[in-house]
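Q: Build the 3D model from these lines:
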Amino acid sequence: METRRALKFIPLPKLSSYSDKLSDFRVWKHGIWFHLSYYKLDGILRENENEDEDGSVTDDRELDIDEVRRRRRFLVYSIIWSSAEDVIPFVELTLNKNLCDDPDFDPKKLWQMILEYYEIRFPSESEDM
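A: The predicted structure follows:
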């Protein structure tokens, strides 16, 4: 995948634990959705997830469908984690959950935990998220 091409459109911002602005979270969230949509990986985070979308991680046609799905999910997880790693300790502390204990690297779980953390952090504005 050619990351540089997507980054030219919308760079993926990093979430900062020092930011007290909900707008920073919204910009990050928009960037995540843009990148996942660009690579046709956004279905992984949606409720009606369609794993058979044409958004393959590799051109290797020798892989079975389960391996392709696993790689796609891991890619989504790594995109979210790498751009939010600064706030992950605060997410874990606030929600009393440990993301590092997740051997499946579930991107939906990671996404939901970050959203839940920001709903707690900005309760009066959580409907606008």
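Q: Tell me which residue is most central in the protein.
A: I80 (3.2 Å; CA atoms, centre = their mean).
Q: pLDDT score assigned to that one?
A: For I80, the pLDDT comes out at 94.
Q: Could you grab the helix/strand/coil label for it?
A: helix (DSSP: H, G, I helix; E, B strand; the rest coil).
Q: Now it: closest residue in space, sequence neighbours ignored.
A: Nearest residue to I80 in three dimensions, chain neighbours excluded: L110, at 5.4 Å (CB to CB, 6 or more residues apart in numbering). Quick note: C-beta positions are derived from backbone N, CA and C, even for glycine.
Q: okay, now the one you found: neighbour count?
A: Residues within reach of L110, counting by other CB atoms under 10 Å, total 21.
Q: Kindly report the same for C100.
A: When neighbours are counted by other CB under 10 Å, C100 comes out with 7.
Q: Same check on L115?
A: Counted with other CB under 10 Å, L115 comes out at 15.
Q: residues near the residue nearest to N98 when sequence neighbours are not counted, how many?
A: Distances taken as CB to CB, 6+ apart put E92 closest to N98, at 5.6 Å, once the chain neighbours are dropped. As a burial measure, E92 scores 16 neighbours (other CB under 10 Å).
Q: pLDDT at E92, what is it?
A: For E92, the model assigns a pLDDT of 92.
Q: and the gap between it and R26?
A: 22 Å (CB to CB, to the nearest Å).
Q: and what of E67?
A: E67 is 35 Å from R26, by CB to CB.
Q: just S19 next, same as before
A: Applying CB to CB to S19 and R26 gives a distance of 11 Å.
Q: do F34 as well
A: On the measure of CB to CB, F34 and R26 end up 12 Å apart.
Q: Now do the same for L63: its pLDDT.
A: 74.
Q: what about the nearest residue to it once chain neighbours are set aside, helix or strand, and which?
A: Nearest residue to L63 in three dimensions, chain neighbours excluded: R71, at 7.7 Å (CB to CB, 6+ apart). R71 is part of helix 65-84, with elements assigned from DSSP states H and E.
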